[in-house]
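In: predicted model follows, preceded by the sequence.
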Amino acid sequence: MDNIIHFQVEEKEVDYRLDKYLFNKLTDFSFSRSFIQKLIKDKFVFVDGREAKSNCKLKYGQNIEVVMPQPKETEILPENIPLDVLYEDSDLLIVNKPKNMVVHPSKGHITGTLVNAVMFHCKDSLSGINGEIRPGIVHRIDKDTTGSLIICKNDETHIAIAEQIKVHSVKRIYRGILLGHLKEPEGKVEGNIGRHPTDRKKMAIVPEGKSAITHYRVIREFSNASYVEFQLETGRTHQIRVHMASIGHPLLGDVLYGSQKNPYHLAGQALHAMTIGFIHPKTGEYMEVSAPLPEYFEKLLLTLDRS
C-alpha cells in the first residue's frame, strides 16, 4: 500500500515552484530535484486534489498530496560486527557508534552498517516501524560522527522515543573541535535548515527550512581551534555542522562544509555524540547515558595542546 504525505502551503512559501517546494519539504528522503520532477510527471503529486506540473506556482493554503510508491526493499542480512554497548535492556539498546559506520543500509552501503550489526546482536527483537531497511532505528547520526545512539527493540518503545524526539525533550550533548575562536564563550546559533538549493549532498540555512537551534559552550581554546560542547534544542540533519560553518567556524575535518584542506588527516568531522538522556518508556524514569571520547579525538586534543 502506498504511503501518502500531506503538506499545506504556508504564507512564506507562496509563489514557490511545486518541484522546489517538495525538494525542500522532502529532505528526509534525500530525493534529487529530478526525481521529484519525475514523481510529479508520473502523477504521484496532487495540488488541491488535482494533477499539477513541476513549474506550478503555489498559493497560500493549498493542500499538497504526495503519493510515495512503496520502495523495493533489499534483503538486509545480520552481520557479526562487534558493538560497543553502553546500555541494554529488554526494550532498548544504546550503542557507541564508531567512526566511518553508516547507520542504516542505503545505495552503496548494503553491508557493514549499524543495522547489520544490531540485527545480529538483537536477533528478532527490533522495532519494525521504519521498515525492513531501518529496523530499530529511531534517530541517526552521520557516518563520521561517533557516539551514543538508541536502538529500539519493539514498536511501543520506538513510538515513545520518537515522540520525545519530536517534542525536543531528548537531551543530546555533543563534543566537537572547531576551527578558530568563537566570539562568546557561550551562546546559541539559530537558522532554519533544509536541503541545499543546488547540492543535494548538503544541507543549508534556508528560509523555508525547519527551525533549528544549537547551544554551545567553549570548553577550551587552542592556537587556532576550539574544543566545544553543544546541546541540541532541535535535531536536524547535519545541524551542528551547518550552524558552525554558517558563523565561520566549521568542524575540523569537515570537508563538506569547511575547507578541503585537512592538515590533521581526519576521516571526517571531529564530532562526537557524547550524552543522550530521555524518559525510559517502560519505567517512566529519566535515564542518561554517555559515550567516552574516541581515541582519535583524544589524540587530536593532545596534538592541538602541543601546537
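Out: Structure's in. What do you need? Numbers count the residues shown, from 1 in each chain.

In: for stretch 250-267, give me every contacting residue.
Out: For stretch 250-267, the external contacting residues (C-beta atoms under 8 Å, 6 or more residues apart in numbering) are 99-100, 144, 176-179, 201-202, 225, 238, 240-242, 244-245, 268-271, 296, 300, 303. Heads up, the C-betas are built off the backbone N, CA and C, glycines and all.

In: do that again at 7 Å, thanks
Out: Contact with stretch 250-267 is made by 99-100, 144, 176-179, 201-202, 225, 241-242, 244-245, 268-271, 300, 303, as judged by C-beta atoms under 7 Å, 6 or more residues apart in numbering.

In: check stretch 206-221 too.
Out: Taking C-beta under 7 Å, 6+ apart as the criterion, the residues outside stretch 206-221 that touch it are 12-13, 24, 181-182, 185-194, 197, 226-234, 236, 239-240, 243.

In: buried set for that stretch?
Out: 206, 208-210, 212-214, 216, 218, 221 (16 or more other C-beta atoms under 10 Å).

In: from what I can see Gly277 touches Glu285, true?
Out: No: because the distance of 11.1 Å does not satisfy C-beta atoms under 7 Å, Gly277 is recorded as not touching Glu285.

In: of these two, which one has the most company?
Out: Neighbour totals were compared for Gly277 and Glu285, and Gly277 leads with 16 against 7 (other C-beta atoms under 10 Å).

In: so Asn116: helix, strand or coil?
Out: Here Asn116 is helix, with the state taken from DSSP: H, G, I helix; E, B strand; the rest coil.

In: same question, the one 3 residues further on
Out: Look at Met119: counting by three-state DSSP, its state is helix.

In: distance of it from Leu26?
Out: Taken as C-beta to C-beta, to the nearest Å, the spacing of Met119 relative to Leu26 amounts to 27 Å.

In: which of the contacts of stretch 206-221 fall in helices?
Out: Among these, the members found in helices (DSSP state H) are 24, 239-240, 243.

In: going by distance to Pro105, which of these wins?
Out: Checking those against Pro105 with C-beta to C-beta, the nearest one is Gln239 at 23.2 Å.

In: quick check: the residue lying closest to that closest one once chain neighbours are set aside vs Arg236, distance?
Out: Spatial nearest neighbour of Gln239, excluding adjacent residues (C-beta to C-beta, 6 or more residues apart in numbering): Ala212 at 5.3 Å. Plainly put, Ala212 is 5 Å away from Arg236 if you go by C-beta to C-beta.

In: mutual contacts of the two, please.
Out: The contact lists of Ala212 and Arg236 share Ile193, where a contact means C-beta under 7 Å, 6+ apart.

In: break the protein down into its domains, please.
Out: 3-68, 71-167, 172-273+297-306 (automatic domain parsing).

In: since that was my last question, I'll sign off now.
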